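Novice: one predicted model, sequence on top.
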Amino acid sequence: MKHVILVFLLLLSSQLLMAQETEPELATRSIYAELGGAGLPYSFNYDFRFDKTRMDSWGMRVGFGGYALDRNSFYSLPVMVNKLYGKGNHFFEMGFGATFVAFKNNNFYESCYFDQNGTYICNSYNQTNSGTAFILEIDGSPSVMGVLNFGYRRMPTDGGFMWKVNLNPIFNNNGFWPLFAGVGLGYAF
């Protein structure tokens, strides 16, 4: 009789354990590469939700990007707070933040002309870090640009391939550019 009760209790406990369905863990984090967007030319980003139990919640994104060509270089560090609105895999994304930029602009300019005697004269000028432009003029390095974010994000609830398209108005003390955009591809987990 003891064996029958023991087997019955084991079967009952296994049925209770199987009946408890575990909710799948939401993919509230993602890593992605973005062309354009808040990182300006391009960036690699990490995005996460503050509330790990809800996709449609506030989150944050941190990234880095830039380039180095010839004697010139440009580096960016976008930091943004964002909120997702939606259900399932489809979300409207809104956010705001700042992109920290640093650059080295070693442009050598030559001013060549013929003087009054017909002699050809060239003067070389080295302009280093006096300023550069990426959509808007940037005064000196390092500097900060404000960034807004409005867009669509497809984010799988249980992880996998994610993508986003967004409009990123940018601004600084030299102006406002409302039509800058970005496209991101990555992995949600």
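Specialist: Cool, the structure landed. Numbering: from 1, shown residues only.
Novice: so what pLDDT did the spatially most central residue of the chain get?
Specialist: Nearest to the mean C-alpha position of the chain, by Cα atoms, centre = their mean, lies Asn45 at 4.6 Å. The model reports Asn45 with a pLDDT of 97.
Novice: is it true that it touches Ser76?
Specialist: No: using Cβ atoms under 8 Å as the test, Asn45 is too far from Ser76 to be in contact (11.1 Å). The way it works is simple: take the backbone N, C-alpha and C, and place the C-beta from them, glycine included.
Novice: any idea of the mean pLDDT in the strand ranked longest in the chain?
Specialist: Counting residues, the longest strand found in the chain (DSSP state E) is strand 90-114. For strand 90-114, mean pLDDT rounds to 81.
Novice: show me which residues of that strand are buried.
Specialist: Residues of strand 90-114 classed as buried: 91, 93, 95, 97, 99, 101-103, 105 (neighbour count, 16 or more other Cβ atoms under 10 Å).
Novice: name the nearest of these relative to Gly159.
Specialist: Using Cβ to Cβ, Phe91 is the member of the buried residues of strand 90-114 that lies nearest Gly159, at 15.2 Å.
Novice: before we move on, back to that, contacts only, for the residue nearest to the centre of the chain.
Specialist: With contacts defined as Cβ atoms under 8 Å, 6 or more residues apart in numbering, Asn45 is in contact with 31-34, 39, 61-63, 78, 184, 186.
Novice: at 10 Å instead, please
Specialist: Counting by Cβ atoms under 10 Å, 6 or more residues apart in numbering, Asn45 touches 30-34, 37-39, 61-65, 78, 80, 184, 186.
Novice: so what's Leu77 closest to, chain neighbours aside?
Specialist: Leaving aside its chain neighbours, Leu77 sits nearest to Phe100 (4.4 Å; criterion: Cβ to Cβ, 6 or more residues apart in numbering).
Novice: wait, isn't Val147 in contact with Val79?
Specialist: Yes: in this structure, Val147 is within contact of Val79 by Cβ atoms under 10 Å, at 9.2 Å.
Novice: any shared contact partners between these two?
Specialist: Any residue near both Val147 and Val79 by Cβ under 10 Å, 6+ apart counts here, and that gives 38, 97-99.
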